[in-house]
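[1] Please find the sequence and the predicted model below.
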2 protein chains.
Amino acid sequence: ETVERPDPDCYFSWADPIIEEDLKQFRQWGSSTPGHPENFETPGVEVTTGPLGQGIANAVGLALAEKHLAARFNKPDSEIVDHYTYCIVGDGCNMEGILTEACSLAGHWGLGKLIVFYDDNHISIDGDTEIAFTEDVSGRFEALGWHTLWVKNGNDGYDEIRKAIQEAKSVTDKPTMIKVTTTIGFGSPNKANSYAVHGAALGTSEVEATRANLGWPYEPFFVPEDVKSHWSRHIPQGAALEADWDAKFAQYEQKYPEDAATLKSIITGELPAGWADALPQYTTESPADATRNLSQQCLNALAKVVPGLIGGSADLASSNMTLLKMFGDFQKDTPEERNVRFGVREHGMGAICNGIALHTPGLIPYCATFFVFTDYMRGAMRISALSEAGVIYVMTHDSIGLGEDGPTHQPIEHLVSFRAMPNMLMFRPADGKETAGAYKLAVLNRKRPSILALSRQKLPHLPGTSIEGVAKGGYTISDNSTDNKPDYIIMSTGSEVEIAVKAAEELTKEGKTVRVVSFVCWELFDEQSDEYKESVLPEAVTARISIEAGSTLGWQKYVGSKGKTIGIDKFGASAPAPKIYKEYGITAENVIAAAKSL
Amino acid sequence: ETVERPDPDCYFSWADPIIEEDLKQFRQWGSSTPGHPENFETPGVEVTTGPLGQGIANAVGLALAEKHLAARFNKPDSEIVDHYTYCIVGDGCNMEGILTEACSLAGHWGLGKLIVFYDDNHISIDGDTEIAFTEDVSGRFEALGWHTLWVKNGNDGYDEIRKAIQEAKSVTDKPTMIKVTTTIGFGSPNKANSYAVHGAALGTSEVEATRANLGWPYEPFFVPEDVKSHWSRHIPQGAALEADWDAKFAQYEQKYPEDAATLKSIITGELPAGWADALPQYTTESPADATRNLSQQCLNALAKVVPGLIGGSADLASSNMTLLKMFGDFQKDTPEERNVRFGVREHGMGAICNGIALHTPGLIPYCATFFVFTDYMRGAMRISALSEAGVIYVMTHDSIGLGEDGPTHQPIEHLVSFRAMPNMLMFRPADGKETAGAYKLAVLNRKRPSILALSRQKLPHLPGTSIEGVAKGGYTISDNSTDNKPDYIIMSTGSEVEIAVKAAEELTKEGKTVRVVSFVCWELFDEQSDEYKESVLPEAVTARISIEAGSTLGWQKYVGSKGKTIGIDKFGASAPAPKIYKEYGITAENVIAAAKSL
């Protein structure tokens, strides 16, 4: 049994299609039918949505992407971008805060081509929703600016469902939520309408009883010929639709060659030649600046050459420095613009960006908040990493260096927490060159999300840093030894590299040889050759010190048993930043003292 | 200037009251007026609420605590527990998903004594809320089952506000949300109604202009005598109210001595003598079981002797094994019960538990979900740690050992991410004795939250583990050497300790001396004396191996430069657990091979 493989050049990437054998391997090692839908495992699955509420927020991102691309590329005579986004949510999704965050934005943006089915079955894992979920869901959606409908018989009321979809489509300025009342486990005589059918298998005898009840006399996994032919009609239909679109695009290309070229580059994800040259050039003479400001220069430079760059902040645009100056706001009536205003909705923002990234390879979403508030959006960030969505997370105010806002706003454990997250690139650039280098890698890594931890406070542009160095993850920025055997290696990241350099200068004055290593991205360093690693961290040099304004946990990996770590293993405090640095011992004096104690 | 200090025996703990000097030290090092409200810094501040949406969820927890204690302890002739909970939320809080999660529960529970003011000023940090927040807020609250009111002039409409509060109190079966329309920066002639007054100081000339505009002719920080006396009247009023309550409680104590004693123990937080003896006793003969099941045995044993234990799960009670069998559900009409049904609202759940914990020292809230979904509630968990709220987080399905649900449900980086979080105790018990030990410490640590990472799969009760050992954080559970110099030290946690023991047995058979260390709580081990640490991890033994089904990051701290770490630095997979363990190399064979390679 093989099914004709869909064209790989369509919006989503397709591997081999699912066949009956895959269904038999449900939840087994190496199968393409895992326990929850995974876009990187299963063809036809657009996004990874196991954790509740992610899917609807992804759908808002997919619908945003469609509305944005349609506004940018459609012409009066050619609607080259034109599709609906459908999503199914359950009672559980509806309880999650992320759903309300994303749906509030969908209502605000008037995403009229987003159609959501709410599977209203009154059952969640703990039993009847009466025990914890008695709100008026449709009322909430209406308050969020949605059009709502109700299909009372969702079990087999096919005509009602078809009619509701038509009604949803007729309202073009609001997203539609169709509440579809259903019975969970419909057809199972003894387990329908109970939590027992949520995650557990029915069991042989109940499967038997269900088959009898539904009048399904076939063997397991048998698909009768008439069912097969009924479904298979979609293959020629789909092929015809695609041929139509190809013809339409050929015409479009002829009439609007420039737009067609841009759209094509967004669809394929191919970056324009020389794009990285647009990144700002910094030298040690450039004026000292906060990396959050340098980040804004990079973003604005990239936006000019990378057509799919789109994003914004969770109500901190002027603090995160994320506005693209040449564009207006993506809003209901200006969807062609590229500054997205997410409001204070971090979790929704991250998951919406996952939807944008997975809509089309060349859309490169970025989003921003204070680094500490990754705690609010970690659920979505992990899904970026797992589902290979190359979102760029612009995270400013990255340490106690933010000062007066105090411990609720000062990240401590966040760097290590993301260094441990698989497939996530955690950058902490020290200056302009490293910020530009981090952006270069973030844009290049389309299947790997990046976090840029950026300073609120001004930092000097250091000698020895480089865009190329960032690609190695950790690299030597200064060294007065000659034989790969300095007396000390001082390693650091971000705003503390300046302190490391100062300490090294002092120690050098005292006749020592000192190497300073900027560890801007641990994951990339770990991927280098053993030879390269030895050239940066020679095994023979055990007098190593790390300094970073964050948890020391993890640094032992590079510092070794005989080295010392300088960091912060308690919460921060509210005071001017220089005072906190001094009180917390994040100083050159402490680095020098640590070196001398080794 | 000193103000009489309130009685320290009231519900909340009070340090020295705020005086004028503190106001002058706003946001300065060591002051009690930090940049955001911190309960551990400033008397009168009940909860720590800088990150948006935490405060309203805390308020739901405070109101839950009041309703629960009132239902348990009030008598027809004595309302010994009787207070309102007031909360102010802004536009930003209203955009956060956690608000809707918590408020949906408040509506469901009918928390009639919760009164929320929504400061509707139409301004957030990015400017007018028109750009990202156009939903019908009151409509949303109504859909969540709330009573809503609107005060149209919140700037100086004092009578309107007073009237609204009276109206709110008259509705006793629903919480009330009072939308209070205000002007941000009211009185400032040039900056009112703009984001410029959110976080930045007005500046000298605008302060001058504002003083002139409002007719306030005084020097900075000067409080006129009539204002002082107006406010100071609350001191005798408060003292009188407290004296009344004391008299009422004395009567209550006489009539209901048993209830009074229980309530007193909840108010003081004093645990009943011998409470820890109630914890189940396990031996190596006890039947193998999942630590999530052993956790339920511990919780149920504790509930019998710890009167303030109350909690539940985010719709996974039957998976997390958190139901207290002798109690019913805390619901609108049964608030005296102690099983709380949080629905699928992890973030709200955590912050509600912070409110419960900070309401009264003897209330010990626990809450539960799958360990991976801490990603949804980390914002609240960090506030537990920062604000010294001793919440117990029961986190089951703690590794790839959960099997078929796949990578979205399998934690990898979570253990290290919490080991790095200040003031958080991260436990991963290996069996029944360690589970009981973790609960003992979790209950004892009232100013330090605990996480228990628990297995879905069955584990044997191991020789050598102990409740006492857990208190040390890391301890030797087996060792066939005699001189504190074994050939190998194998360290592990949770479900992998069994594997470590198996590997040690094999190596022992081959004539080696091997120590197995259970590292159940890193934070507690790090707090032990150097002498103790040397007794467990002698410096002279560098042949060390760690095995844990999670990120290897951090283990280098104990394993040292010459040791080896066995763990998982990529995402999991959907398959039966034993298959994943084998494919990912979390096996005794790999430990033995690693040992031999050293």
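    That came in fine, so what should we check first? Numbering: from 1, shown residues only, chains lettered A, B, ... in the order given.
[2] domain assignment for chain A?
    For chain A, the TED database gives the domain ranges A:20-233, A:275-453, A:474-597.
[3] most tightly surrounded among these?
    Ranked by mean neighbour count under mean count of other C-beta atoms under 10 Å in any protein chain shown, the domains of chain A are led by domain A:275-453, which reaches a mean of 24. From N, CA and C alone the C-beta is placed, and that goes for glycine too.
[4] So for it, mean pLDDT?
    The average pLDDT for domain A:275-453 rounds to 98.
[5] list the contacts for the residue of chain A at minimum distance from chain B?
    Nearest residue of chain A to chain B, counting by C-beta to the nearest C-beta: A:G97, 2.1 Å away. Applying C-beta atoms under 8 Å, 6 or more residues apart in numbering or on different chains to A:G97 gives the contacts A:53, A:347, B:96-101, B:345, B:347-348.
[6] Tell me both backbone torsions, phi and psi, for the residue lying closest to it once chain neighbours are set aside.
    Setting aside the residues directly before and after it, A:G97 is nearest to B:G97 in space (C-beta to C-beta, 6 or more residues apart in numbering or on different chains), at 2.1 Å. Main-chain torsions, B:G97, degrees, to the nearest 10: phi -60, psi -30.
[7] any idea how far B:G97 is from A:V180?
    Distance, B:G97 to A:V180, using C-beta to C-beta, to the nearest Å: 23 Å.
[8] And A:T48, by the same measure?
    Taking C-beta to C-beta, one finds A:T48 at 24 Å from A:V180.
[9] hmm, back to that, dump the domains of chain A to TSV, plus distance to B:P307.
    Listed next are these as TSV, based on distance: least, C-beta to C-beta, whole Å:
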stretch	distance to B:P307
domain A:20-233	24
domain A:275-453	32
domain A:474-597	31
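[10] for the ones you listed, which one sits closest to B:G61?
    Set against B:G61 and scored by C-beta to C-beta, the domains of chain A come closest in domain A:20-233, at 15.4 Å.
[11] chain center to that closest one: distance?
    Averaging C-alpha positions (C-alpha atoms, centre = their mean, to the nearest Å) puts domain A:20-233 22 Å from its chain's average.
[12] Which residue, other than its chain neighbours, is closest to A:A132?
    In space, A:A132 is closest to B:G343, 3.5 Å off (C-beta to C-beta, 6+ apart).
[13] tell me which element that neighbour is part of?
    For B:G343, there is no enclosing helix or strand under DSSP states H and E.
[14] Check A:V394 too.
    Here A:V394 is assigned to strand A:392-396, by DSSP H and E.
[15] can you dump the C-alpha coordinates of the helix or strand just after that strand into PDB?
    Going down the chain from strand A:392-396, the next helix or strand is helix A:414-419, by DSSP H and E. The C-alpha trace of helix A:414-419 is given here as PDB (Å, rounded to 0.1, in the frame of the first residue of the first chain):
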ATOM      1  CA  HIS A 414      18.100  31.500  33.500                       C
ATOM      2  CA  LEU A 415      21.300  31.200  31.600                       C
ATOM      3  CA  VAL A 416      22.000  27.700  32.900                       C
ATOM      4  CA  SER A 417      18.400  26.700  32.500                       C
ATOM      5  CA  PHE A 418      18.500  27.400  28.800                       C
ATOM      6  CA  ARG A 419      22.000  26.000  28.300                       C
END
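[16] So which elements touch helix A:414-419?
    On a contact count with 3 or more C-beta pairs under 8 Å, 6 or more residues apart in numbering or on different chains; DSSP states H and E, helix A:414-419 meets strand A:425-427, strand A:450-453, helix B:414-419.
[17] any idea how far the residue nearest to A:A132 is from A:N94?
    9 Å.
[18] Common neighbours of those two, please.
    Contact criterion C-beta under 8 Å, 6+ apart; residues shared by B:G343 and A:N94: A:F133.
[19] How about the residues of the stretch 451-598 of chain A by chain B?
    Selection of the stretch 451-598 of chain A residues close to chain B by C-beta under 8 Å from any C-beta of the partner chain yields A:542, A:551, A:553-554, A:556-557, A:560-562, A:569-571, A:573-576, A:579-580, A:583.
[20] hmm, 10 Å instead?
    When proximity is defined as C-beta under 10 Å from any C-beta of the partner chain, the stretch 451-598 of chain A approaches chain B at A:522-523, A:526, A:539, A:542, A:550-563, A:565, A:567-576, A:579-580, A:582-583.
[21] what inclination does the helix or strand where A:A106 lies have with respect to helix B:97-109?
    Using DSSP H and E, the element containing A:A106 is helix A:97-109. With axes from the mean of the first three to the mean of the last three C-alpha atoms, to 10 degrees applied, the angle from helix A:97-109 to helix B:97-109 works out at 110 degrees.
[22] Summarise which helices and strands the following helix or strand past helix A:97-109 is packed against.
    Downstream of helix A:97-109, the next assigned helix or strand under DSSP H and E is strand A:114-120. Packing partners of strand A:114-120 (3 or more C-beta pairs under 10 Å, 6 or more residues apart in numbering or on different chains; DSSP states H and E): helix A:54-73, strand A:85-89, helix A:91-95, helix A:97-109, helix A:137-143, strand A:147-151, helix A:158-170, strand A:176-181.
[23] Tell me how far the closest residue to A:M424 other than its chain neighbours lies from A:K440.
    The shortest distance from A:M424 to any non-neighbouring residue, by C-beta to C-beta, 6+ apart, is to A:A385 (4.5 Å). A:A385 sits 20 Å away from A:K440, taking C-beta to C-beta as the criterion.
[24] tell me the mean pLDDT for stretch A:572-587?
    Across stretch A:572-587, the average pLDDT comes to 97.
[25] where are the low-confidence patches of the stretch 51-200 of chain A?
    Under the criterion pLDDT under 70, no range of the stretch 51-200 of chain A is flagged.
[26] Taking helix A:54-73 as reference, get the angle to the host helix or strand of A:E253.
    Using DSSP H and E, A:E253 sits in helix A:234-255. Orientation of helix A:234-255 against helix A:54-73 (the same axes, to 10 degrees) gives an angle of 30 degrees.
[27] So which bits of helix A:234-255 are buried?
    Residues of helix A:234-255 classed as buried: A:249, A:252 (neighbour count, 16 or more other C-beta atoms under 10 Å in any protein chain shown).
[28] CA atoms only for the host helix or strand of A:G355 - export them in CSV, please.
    Per DSSP H and E, A:G355 falls inside helix A:346-359. C-alpha atoms of helix A:346-359 as CSV (Å, rounded to 0.1, in the frame of the first residue of the first chain):
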residue,chain,number,x,y,z
GLU,A,346,4.7,36.3,26.9
HIS,A,347,3.5,32.7,26.7
GLY,A,348,1.1,33.5,23.9
MET,A,349,3.8,35.5,22.1
GLY,A,350,6.3,32.6,22.1
ALA,A,351,3.7,30.1,20.7
ILE,A,352,2.4,32.6,18.1
CYS,A,353,6.0,33.0,16.9
ASN,A,354,6.3,29.2,16.7
GLY,A,355,3.2,29.3,14.4
ILE,A,356,4.8,32.0,12.3
ALA,A,357,8.1,30.2,12.0
LEU,A,358,6.4,26.9,11.0
HIS,A,359,4.1,28.6,8.5
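[29] now whichever helix or strand comes after that helix, how far from the centre of its chain.
    Where DSSP H and E defines the elements, the next helix or strand beyond helix A:346-359 is strand A:364-370. A distance of 9 Å separates the centroid of the chain from that of strand A:364-370, by C-alpha atoms, centre = their mean.
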